[in-house]
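Visitor: the following comprises the amino acid sequence and a computationally predicted model.
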Amino acid sequence: MAGGGGGGGGVSPLGPAPPMWYHRDLSRAAAEELLARAGRDGSFLVRDSESVNGAYALCVLFQKHVHTYRILPDDEGFLAVQTSQGVQPKRFKTLPELVSLYLQPSQGLVATLLFPVDREETAFSDDRDYSDGEDEKPPLPPRSASTSTPPGPDTPTESAPAANGLSTISHEYLKGSYALDLEAVKQGACSLPHLNKTLVASCKRLNGEVDKVLSGLEILSKVFDQQSAFMVSKMIQQSVNQGGDQELENLVTKLAILKDLLSSIEKKALKALQDMSLSSPCSPPPLSMRHSKAIPVQAFEVKLDVYLAELTKIGKSQKYTLSVDVEGGRLVVMKKVKDSQEDWTTFTHEKIRQLIKSQRVQNKLGIVFEKEKDKSQRKDFIFASAKKREAFCQLLQLMKNKHSNQDEPDMISIFIGTWNMGSVPSPKSVASWVLCRGLGKTLDEMTVTIPHDLYVFGSQENSVCDREWVESLRAMLKELTELDYKPIAVQTLWNIKIAVLVKPEHENRISHVGMSSVKTGIANTLGNKGAVGVSFMFNGTSFGFVNCHLTSGNEKIARRNQNYLDILRLLSLGDKQLSSFDISLRFTHLFWLGDLNYRLDMDIQEILNYINRKEFDPLLKVDQLNLEREKNKVFLRFAEEEISFPPTYRYERGSRDTYVWQKQKATGMRTNVPSWCDRILWKSYPETHIVCNSYGCTDDIVTSDHSPVFATFEVGVTSQFVSKKGLPKSSEQAYIEFESIEAIVKTASRTKFFIEFYSTCLEEFKKSYENDSQSSDNINFLRVGWSNKQLTTLKPLLSEIEYLQDQHLLLTVKSLDGYESYGECVLALKSMIGSTAQQFHTYLSHRGEETGNIRGSMRVRVPSERMGTRERLYEWISVDKDETGGPKGKSTMVSRVGHEYVKPSMVRKQLGELGKVSEEGERSSKEETAARPKQDASDGDSTICKNSYNNPAYYILEGVPNQSAAALSPELLPSPTSANPQVAKPPPPSAVARTKPPYGASGPSHPRRPMTGHPVRAISEEGSSEDDGGAPVAGAQGGGVVTTVGTTLNRPPPDFPPPPLPKGALEMVAETPFAKPRPLYPDLAEVRIPAATPAGPLALGEGFRRGGGGAGGGGGALDDQSCSVLQMAKTLSESEFSGQPPRAPSAPPPLRGQPMGLGLDACRTFPPRNPITESIAEDMPEEALWGSSSSSLSVGDSSVGEWLQRLGLERYEQGLLHNGWDDLEFLSDITEEDLEEAGVLDPAHKRILLESLRQQQQQ
């Protein structure tokens, strides 16, 4: 680190002790916040430079702006402030000497250094982090080999230090005998007899262990290494007779012999066996040369899905059997006819044109068959469950892939597992972990044994040595798959391990393997906590995997957050050219797994009651990781699959029936509430393909107090592209051209900025010129712009569209004064390809924190000769716009989980209210525009979502009063009169601002998905009725800000989703079945800021700072329940404030039942309670949505609901609808097993339902 570098003449650059104004690892953003809080001109601090290792940054506050000066070491280690060209720098040996000069006036800085801003010293006791429920001493690093007698549950390896006795003996020497040795040395002694005795006593056990090891290796040495055999035997004999003063020397000699023996015996044994094999008969081919076992033909019982109009013609739904022959490349569709006859049709793999998943009915699938040339036929089938549908799709994709004429795969499957082993070796078999069997979202039995392409195993508190661990995993995979998986990387930090194994056929597709680790234990020096990481390229796609073990303890949330940020910053993985970017932006796909140790904030008895009832939603709302992600403190824009399994910690060892949540410690009783400590998250580049097919935990591996967790993913990959036309000529060169870029950066600096562009499609990174426009309405934020002439045109290495549509561009906004990054982002080129410029809009982040946003327009020009492309395998499956209940042509779409952005054409169809690009890389082709219905076009007034960043509410720094609101000129504020008189009315004093935070986007096979990193339209059980009074307006008390925050649409721009407000700012509101979608950006008439008054700035600063939530959020108290203020302000900034003519509100008036605010429960839904996907609201006519309290899914839905209501069993309606039983005609075929899958478990209720259906059939 910088702080550890050497100064001139060998002197430490920090002097004898680090001065208090020196902040070692402080980020630029945190430094600016500290100076802003100091608030006085001349306040200063020194931190490590983010751009140059070994350098420093001197930060000075002057006139409310932060000025940064780089302090660079020269070749001799002297330090100097970087000066302009031609100015002789002043050199110093240490930082304190340098700073002392600038404490004097007129030394060339913008201001004299007057007030040092000291770092906050944290007590050492706060840093202590020991494993929950174990000994109070941190564990020693693991030994190089596992013990032959594994410790039991009551004797964990953490107790080894105490048993060893080393610390006790050492303390005794330092307290007593040390003085005797010192006295002997003073009298001329050349040895330390008392220290020698201490070492001999300490190593007594080691001596015995080495003797055992040597005895065990003696026979091997005699067979394979006769030279060392003599020395081994001699040492064993000597150890029996020898003792006393020679004992320590003897031990050193034995260790040296053992080292030589172990390092050479394997090579010598290999040579001996090779010599023997020359005369032996031929051996069978190794397992790696054999193929995996053939996948048997799998049959699926389905029903043909027909429309109501057709039911009258054909009677009951028809039963079919779909048989998938993966090896033969055939699909047999068999129809059951009368008299046990069967009518069947066989389709070869090339005749299956497309699979179309229903978004609304999770077990429905459309298959498009090629009938004749240029003619196709679609048939829709209802599967027994959503899991069966996914298994069928997986088998057909496997069949397509197997019989494809492509040399390289388009898609691979990845298994990821994480397990805290509790310092006990694993049981003989952990097959349920690898086969994803257990609780939660699991794979169907038909596909569970299909081998994955990659297996990634993360473990914590793993006491098994690396080689033994990896070999046990390989042996298990060989037993299950008959394939010899190849380990491509194993990385260990103490007992934290990650191992990556790959199918033999993919071994040559893996390149650029990297490994790294970061310690986050006590004072970031112990490896009992920390992370290990592995990265590599799979053909043209980059992957990163991080396995971590974070700080334990219910209350250590901030420490865990800091662990995450340290790992994000310090883990050295991926392309070294991308050092400006943290690891969350260096990889196409990054997976983060491990024992994250986040707990549940709820009373233990309540937790146990919810677990017993298998009600996980209330627990997920108080999950610390979910809450911290809501506030953008950690895992910014990461995704996680919905959790549908019980907490994986802290079980009683030997059982999965009991949670052990109390343990008596020396300091008192310690409580460890059951929690989802073990998690798997991921983050992927925009417009890439990734689907999570399973996420759960085992229920039969009981050796640890944690259950193993598994997840499987389907991931799109790109090949190492080889151009068939060679390198482009000048006339065939593709270009990446920018028209303009504008960024808003959270900073108090007023320096100039430039942009760096990185991409694998560029020969080297490129830089723009400095920004040519700069403005600010607030000292804490800066708007910078680059026109076309300041932006360089980029030339990709290859010009084929097939290559370019898989490429991404990384941008970093850097300052000219310190060359430090103020924010980074990633753009997908796919949506930018075309002859006209397309707009992008995304967020900026730095060191895991959201630091602003960036937008602009660009185009990727591809010559017509290079336009040919092909369909990817993962594009073969699409998501259906459900046809019932909505105007034709109006499409809804479920994005694949992990996308931060989706194809713009899809976004446009979803967000009819947004006539403009609102996600990075969005655009729409002429055909798509023509296909949009008229009502969409009328809603899509492009003026609605125009962005100006002049709204003062946007510019608020957390914890710092907003000083610019009072200075706003009246003409910048909107007129107090409004085109909508209802909206213009001031709210009652008790009204508070209410917002709805985003939760996850739904995936193809799930009705609910929390925290996937993208906001979706809320389907809330909370809202307000018409009787709540007035228009949908809420405001901050005291007249600070009046605003309306509606529910979010299916995919608003990814920058700054609406944040949750503090608890005190939320009120209970009446329930409505749905929150009707509203324009993403509030209309001018709906957002007002009162004229500046003395109270105005206070209300603005307090009302939207952390803790200033609405009516109850007084003062400046920091309330950590609030979200990033940057997000809060962005929600308000989406209206035009200056230079825009007033316009009539184009949003439709509120519909009957539209909520005017959202309560706390709606804000904290993980997952949302209502399992119906958001597409329903768009698919149904308004009468069906808002006319009654129950949702209407299709023409026949109401009859199912009414039927259940008559029987008093309406609680089962959602389960039946979710499983596809949405029509009474279908229900005639339902069985007891079907009812159980739909959640009807009570035998009496099953009898009532089946008897009622029989009676209806007889009628």
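Guide: Yes, it's here. Bear in mind that the values here come from a model prediction, so they are computed numbers and not experimental data.
Visitor: going forward, measure contacts between C-alpha atoms and count neighbours the same way
Guide: Noted.
Visitor: can you classify residue 548 by secondary structure?
Guide: Recorded secondary structure, residue 548: strand (DSSP: H, G, I helix; E, B strand; the rest coil).
Visitor: who's it bridged to?
Guide: Residue 548 has these beta-bridge partners by DSSP bridges: residue 531, residue 594.
Visitor: how about it, what does it touch?
Guide: Residues in contact with residue 548 (C-alpha atoms under 8 Å, 6 or more residues apart in numbering) are 460, 496, 529-532, 592-596.
Visitor: now those residues: which count as buried?
Guide: For the contacts of residue 548, a neighbour count by 16 or more other C-alpha atoms under 10 Å gives the buried set as 460, 496, 529-532, 592-596.
Visitor: any idea which of those is closest to residue 210?
Guide: Closest to residue 210 out of the buried ones among the contacts of residue 548 is residue 496 (26.2 Å), distances taken as C-alpha to C-alpha.
Visitor: the closest one: what's it in contact with?
Guide: Contacts for residue 496 (C-alpha under 8 Å, 6+ apart) come out as 458-462, 528-532, 547-549.
Visitor: which members of those are the farthest-apart pair?
Guide: Across the contacts of residue 496 (C-alpha to C-alpha), the longest gap, 14.9 Å, separates 458 and 528.
Visitor: ok, those two, which is more surrounded?
Guide: residue 458 (31 against 28; other C-alpha atoms under 10 Å).
Visitor: just flag the most distant two among the contacts of residue 548.
Guide: Farthest-apart pair in the contacts of residue 548 is 529 and 592; separation 15.3 Å (C-alpha to C-alpha).
Visitor: what mean pLDDT does the helix or strand encompassing residue 1254 get?
Guide: Per DSSP states H and E: residue 1254 is located in helix 1243-1258. When pLDDT is averaged along helix 1243-1258, the result is 83.
Visitor: quick one, strands of the stretch 801-950 of the chain?
Guide: According to DSSP state E, counting those that start in this stretch, the stretch 801-950 of the chain carries its strands in the segments 808-815, 821-828, 838-846, 849-861, 877-880.
Visitor: can you add mean neighbour count and distance to residue 648 and give those back as TSV?
Guide: As requested, the strands of the stretch 801-950 of the chain are arranged in TSV below (neighbours: other C-alpha atoms under 10 Å; distance: least, C-alpha to C-alpha, whole Å):
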stretch	mean neighbour count	distance to residue 648
strand 808-815	21	37
strand 821-828	23	35
strand 838-846	23	32
strand 849-861	22	29
strand 877-880	19	33
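Visitor: mind putting those into a markdown table with mean pLDDT and distance to residue 558?
Guide: Shown next, in a markdown table, are the strands of the stretch 801-950 of the chain (pLDDT from 0 to 100; distance: least, C-alpha to C-alpha, whole Å):
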| stretch | mean pLDDT | distance to residue 558 |
| --- | --- | --- |
| strand 808-815 | 97 | 28 |
| strand 821-828 | 96 | 23 |
| strand 838-846 | 96 | 19 |
| strand 849-861 | 96 | 14 |
| strand 877-880 | 84 | 40 |
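Visitor: now these in JSON lines, with distance to residue 1228?
Guide: Formatted as JSON lines, the strands of the stretch 801-950 of the chain follow (distance: least, C-alpha to C-alpha, whole Å):
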{"stretch": "strand 808-815", "distance to residue 1228": "52"}
{"stretch": "strand 821-828", "distance to residue 1228": "49"}
{"stretch": "strand 838-846", "distance to residue 1228": "50"}
{"stretch": "strand 849-861", "distance to residue 1228": "54"}
{"stretch": "strand 877-880", "distance to residue 1228": "26"}
